[in-house]
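>>> how would this look folded up:
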Amino acid sequence: MKRLAGLVLTAAFLILQALCLAPPVDAATQQVMMQDYAYGPAALTVRAGDTVTWMQHDQAPHDVVTTSAPVAFRSPQLSAGQSWSYTFTKPGTYSYYCSVHPDMRATVTVLAAETPTKQPSPTPSKQTTARPTASSAPSSSSPPTSSSAAPVSETPAPAAPVTQEAAATGPSLDPMLLVAGVVTAVAVLCLLLVGSRPGG
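Residues are numbered from 1 along each chain as shown. Down below sits the predicted model:
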């Protein structure tokens, strides 16, 4: 019984370790330095879901205040050595300045996240592919559709690479999740083997 409890605890530890070590899928962190009474870089481009951290290196206090943005935000006043972070969720251009030193100005351009952009592309392609097939099906059976005129051949030709591209990008699983699944499967198998042994 003690052996079984030890195996269960080991399996739980391995699963938690695999899950904790898994990095975030698409989120990134960028830094903007507040130094010499300027933001550096003055123009930054990130994706929705990314976090920007402003690091204050001047002796004078600074803050971050939006002047025009899809979502307004305002940081507290930061002293030397302090930092402040903001996670951008809405695409658009965020213009900001320091309210203590109004000549300090910069922008963050937030692009749409990659995953939502990729997912809609294959869906319309599949619908486009389905429509010509449906249009050709009433005319004749499937083999004549393959030997139909050039315009029908041109429509599936672009759809085929898109479908292959979607298949290549579709299974975008995090490798750490796969490792966690394998570790879990091995742990369960070990527990079943140990539990099924008579007199164990």
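>>> got a list of what Ser85 touches?
Listed by Cβ atoms under 8 Å, 6 or more residues apart in numbering, the contact set of Ser85 reads Thr29, Thr51, Val52, Thr53, Trp54. All C-beta atoms are positioned from the backbone trio N, CA, C, and that covers glycine.
>>> Would you mind measuring from the last one to Arg74?
Note on Trp54: its distance to Arg74, by Cβ to Cβ, to the nearest Å, is 12 Å.
>>> ok, the two, which is more surrounded?
More crowded of Trp54 and Arg74, by other Cβ atoms under 10 Å: Trp54, with 23 against 13.
>>> what are the bridge partners for the more buried one, then?
Taking DSSP bridges as the rule, Trp54 bridges to Val32, Trp84.
>>> I figured it hits Gln77, correct?
No. Using Cβ atoms under 8 Å, Trp54 is not in contact with Gln77; the gap is 11.6 Å.
>>> out of the contacts of Ser85, who's nearest His101?
His101 lies nearest to Trp54 out of the contacts of Ser85, by Cβ to Cβ, at 13.6 Å.
>>> Please determine how far that closest one is located from Leu189.
Taking Cβ to Cβ as the measure, Trp54 and Leu189 are separated by 49 Å.
>>> With Ala28 instead?
37 Å.
>>> Quick check: end-to-end length of stretch 67-86?
Using Cα to Cα, to the nearest Å, the end-to-end distance of stretch 67-86 comes to 16 Å.
>>> one step back: now rank the contacts of Ser85 by neighbours and give me the top one.
Trp54 (23 neighbours).
>>> got the contact list for that one?
Counting by Cβ under 8 Å, 6+ apart, Trp54 has contacts Gln31, Val32, Met33, Met34, Tyr39, Val64, Ser75, Leu78, Ser83, Trp84, Ser85.
>>> mind checking pLDDT for the last one?
With respect to pLDDT, Ser85 has a value of 96.
>>> got the contacts of Ser85 as TSV, with pLDDT and distance to Tyr97 columns?
Formatted as TSV, those follow (pLDDT from 0 to 100; distance: Cβ to Cβ, whole Å):
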residue	pLDDT	distance to Tyr97
Thr29	91	22
Thr51	95	20
Val52	96	15
Thr53	96	18
Trp54	97	12
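>>> Dump those into TSV; add distance to Thr184 as well.
Formatted as TSV, the contacts of Ser85 follow (distance: Cβ to Cβ, whole Å):
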residue	distance to Thr184
Thr29	29
Thr51	30
Val52	36
Thr53	34
Trp54	40
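>>> Go through the residues you listed and name the one nearest Tyr96.
Nearest to Tyr96 among these, with distances taken as Cβ to Cβ, is Trp54, at 9.4 Å.
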